[in-house]
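Asks: can you look at this prediction? I've put the sequence above it.
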Amino acid sequence: MKRYSAFSLLRNALSHNRNWRPAWRSPAPKKSYDAIVVGGGGHGLATAYYLAKEHGISNVAVLEKGWIGGGNTGRNTTIVRSNYLWTEAALLYEKSMKLWEGLSQDLNYNVMFSQRGVYNLAHSLQDMRDIERRVNANRLNGIDAEVVSASELGKAIPYLNVSPDARYPILGASLQRRGGVARHDAVAWGFARAADALGVDIIEQCEVTGIEVKNGKAVGVLTTRGSIASDRIGVVVAGHASVLAKMAGLRLPIESHPLQAFVSEPIKPVLDTVVMSGAVHGYISQSDKGELVVGAGIDSYNGYGQRGSFPVIEHAMQAIIELFPIFSRVRMLRLWGGIVDVAPDACPILSKTPVEGLYFNCGWGTGGFKATPGSGWVFAHTMARDEAHELNAPFSLERFTTGALVDEHGAAAVAH
Amino acid sequence: MLLIECPWCGPRAETEFSYGGEAGITRPRDPDALSDAEWADYLFCRSNPRGNHRELWNHAHGCRRWFGVERDTVTYRISRSFELYPAAVPETDAALQSGPDNSNGGD
């Protein structure tokens, strides 16, 4: 791998940018691998990268049915934060936050991680109580968090409607200053390039059609490009987790729903932070290109169609205009949907399964992007050592049997 | 927007309805007889198919009755709506048990 640097930019500029090399190879799949990661999204690529980097397992294939960055990795609203309520979840997301803070240097790829702060608004007395509780819980876990009053909000975010006469008046907010956004495509490309440099084969246009299990052990996968053997298979396929689980004869506590987002035409800088409201339900930030990036809630029905219903978009837009009346004339350019894998407690599943050598990483629901590096880091540990790291031990499949759920519906911020 | 056919009120806009999840999940007759794993499967696990899905809808802003819908989860095409408690069949225990399931409502 040729390292990217100011010098490489200059050298390639002098040769009219004709000598840039592809960021990763396109190898044909081998007959067998030490480990297979199914799903070439951010979480899968991060898993492969940390398998090679932290555990010395570099004979790894990442199998992607489409192209790198074409699934949920390129469909989210790019928000990164770690202010979850319960200790189990907070520590997992905070691990991810710590990795985000050094990720561009680690990958030698600019993921444009921008810690511009994330505000979660409160519109009622109960919202304020919940926010104060969560801020205190975060601080006890060593995560930065503060409570902000409505008048401070008005100064920090000039166009936010903090008038007490608003239909749903804003009473205050929680603020995580270390939160922010990252460029999601760059995260996928950066992990792909860095994993490839460590010897990982990234195989695109290769759909897994079956999982081979013998005597209770995973032995390989069937794909559209032939069968591939491995006794260590990690499935990281988000919305299609139930489909892959069925191939191995498993049932998951997961339902897939469409989640929609949209961007506006580019406008001049107007919003330099991230604003989320769980009560009126919308969240918004501005990209470096100037587009307003808006996220909606999930559609209530099950769906694999990567699109949802119009009333959900209308509802999110109403919320945004309620918060920012100035945006009422902004035109929306594009909208899309992703398929999110929602678990009953709004927390992920990072777990071994009843099939030996088969691991599942799913259930991130509406909030997986922020966890990309941390998810890969703990899942690589789980696959390499055949046991959960202490950070993901609470997120096993067994929790649904024991009843030890981690209820994060409040901090998940997106209505389920 | 889905156009959903209520068996009693006819085709109406999706916004009149609320979704009730997978249909046909029956509450075990004797929960105490189940293992924890079987109870967890009843409570949390869902078939979540890619393709044809039998699901519950409630005409919340209309007749407020529950009914079943068969819908493709990829194309979202609705193939049929059906009554959960057909009038001809007396209300037996079995019919009651195939009734609305609210266990996965988090909406």
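Replies: Looks like it arrived, so ask away. Numbers count the residues shown, from 1 in each chain, chains lettered A, B, ... in the order given.
Asks: may I see the buried residues of stretch A:94-110?
Replies: For stretch A:94-110, the neighbour count (16 or more other CB atoms under 10 Å in any protein chain shown) marks A:Glu94, A:Lys95, A:Ser96, A:Met97, A:Leu99, A:Trp100, A:Leu103, A:Ser104, A:Asp106, A:Leu107, A:Tyr109 as buried. Where C-beta positions appear, they are placed from N, C-alpha and C, glycine not excepted.
Asks: same check, this time on stretch B:47-67
Replies: B:Asn48, B:Pro49, B:Arg50, B:His53, B:Glu55, B:Leu56, B:Trp57, B:Asn58, B:His59, B:Arg65, B:Trp66, B:Phe67.
Asks: any chance of the buried residues of stretch A:94-110 in TSV, with secondary structure, distance to A:Ala194 and pLDDT too?
Replies: As requested, the buried residues of stretch A:94-110 are exported to TSV (DSSP: H, G, I helix; E, B strand; the rest coil; distance: CB to CB, whole Å; pLDDT from 0 to 100):
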residue	secondary structure	distance to A:Ala194	pLDDT
A:Glu94	helix	22	98
A:Lys95	helix	18	98
A:Ser96	helix	17	98
A:Met97	helix	19	98
A:Leu99	helix	13	98
A:Trp100	helix	15	98
A:Leu103	helix	10	98
A:Ser104	helix	11	98
A:Asp106	helix	8	98
A:Leu107	helix	4	98
A:Tyr109	coil	7	97
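Asks: now, which of those sits nearest chain B?
Replies: A:Ser96 (23.8 Å; CB to the nearest CB).
Asks: which residue packs closest to residue 23, ignoring adjacent ones?
Replies: Looking at chain A here, since you left the chain open. Ranked by CB to CB, 6 or more residues apart in numbering or on different chains and with sequence neighbours excluded, the top spatial neighbour of A:Ala23 is A:Arg193, at 4.1 Å.
Asks: my bad, the chain I had in mind was chain B
Replies: Closest to B:Ala23 by CB to CB, 6+ apart is B:Arg54, at 4.3 Å.
Asks: after the longest helix belonging to chain B comes which helix or strand?
Replies: Identified as the longest helix of chain B according to DSSP state H is helix B:36-43. Remark: after helix B:36-43, the chain's next helix or strand is strand B:52-58, criterion DSSP states H and E.
Asks: tell me which strands and helices the next helix or strand after that next one is in contact with?
Replies: Sequence order places strand B:66-72 as the next helix or strand after strand B:52-58, per DSSP H and E. Applying 3 or more CB pairs under 8 Å, 6 or more residues apart in numbering or on different chains; DSSP states H and E, one finds that strand B:66-72 makes contact with strand B:3-6, strand B:52-58, strand B:78-82.
Asks: ok, now which ones touch the residue nearest the centre of chain B?
Replies: With the centre of chain B defined as its mean C-alpha position, the nearest residue by CA atoms, centre = their mean is B:Leu56, 2.2 Å away. Listed by CB atoms under 8 Å, 6 or more residues apart in numbering or on different chains, the contact partners of B:Leu56 are B:Tyr19, B:Gly20, B:Gly21, B:Glu22, B:Ala23, B:Trp66, B:Phe67, B:Gly68, B:Val69, B:Leu84, B:Pro100, B:Asp101.
Asks: just A:Glu408 next, same as before
Replies: Here A:Glu408 is in contact with A:Tyr84, A:Leu85, A:Trp86, A:Ala89, A:Asp345, A:Ala346, A:Cys347 (criterion: CB under 8 Å, 6+ apart).
Asks: what do you get for A:Ser242?
Replies: By CB under 8 Å, 6+ apart, the neighbours of A:Ser242 are A:Arg251, A:Leu252, A:Ile254, A:Glu255, A:Ser256, A:Asp341, B:Arg46, B:Ser47, B:Asn48, B:Pro49, B:Arg50.
Asks: the residue nearest to B:Ala23 reaches B:Phe67, doesn't it?
Replies: No. In this structure, B:Arg54 is not within contact of B:Phe67 by CB atoms under 8 Å, at 11.2 Å.
Asks: can you check the pLDDT for the residue nearest to the centre of chain B?
Replies: As predicted, B:Leu56 sits at a pLDDT of 97.
Asks: for it, which non-adjacent residue is spatially closest?
Replies: B:Gly20 (3.2 Å).
Asks: pLDDT averaged over the strand or helix carrying that neighbour - what is it?
Replies: For B:Gly20, the enclosing helix or strand under DSSP H and E is strand B:18-22. For strand B:18-22, mean pLDDT is 97.
Asks: and for stretch A:364-371?
Replies: Mean predicted lDDT for stretch A:364-371 stands at 96.
Asks: which residues does A:Val219 contact?
Replies: A:Glu212, A:Val213, A:Ala229, A:Ser230, A:Asp231, A:Gly357.
Asks: still on that earlier bit, burial check on the residue nearest to B:Leu56, number of neighbours?
Replies: 24 (other CB atoms under 10 Å in any protein chain shown).
Asks: what's around A:His409, how many residues?
Replies: 17.
Asks: show the pLDDT at it.
Replies: Value for A:His409, per-residue pLDDT: 84.
Asks: now stretch A:152-167, how far from the chain's geometric center?
Replies: 29 Å (CA atoms, centre = their mean, to the nearest Å).
Asks: pull out the buried positions in that stretch.
Replies: Neighbour count says stretch A:152-167 has A:Leu153, A:Ile157, A:Leu160, A:Asn161, A:Val162 buried, by 16+ other CB under 10 Å.
Asks: touching, A:Gly297 and A:His315? I think so.
Replies: Yes. In this structure A:Gly297 lies within contact range of A:His315 using CB under 8 Å: 7.2 Å.
Asks: what touches both of these two?
Replies: A:His281.
Asks: so which of the two has more stuff around it?
Replies: A:Gly297 (23 against 17).
Asks: name the helix or strand for that one, please.
Replies: strand A:292-298.
Asks: does that strand come close to chain B?
Replies: No. On the criterion CB under 8 Å from any CB of the partner chain, strand A:292-298 is out of touch with chain B, staying 8.7 Å away.
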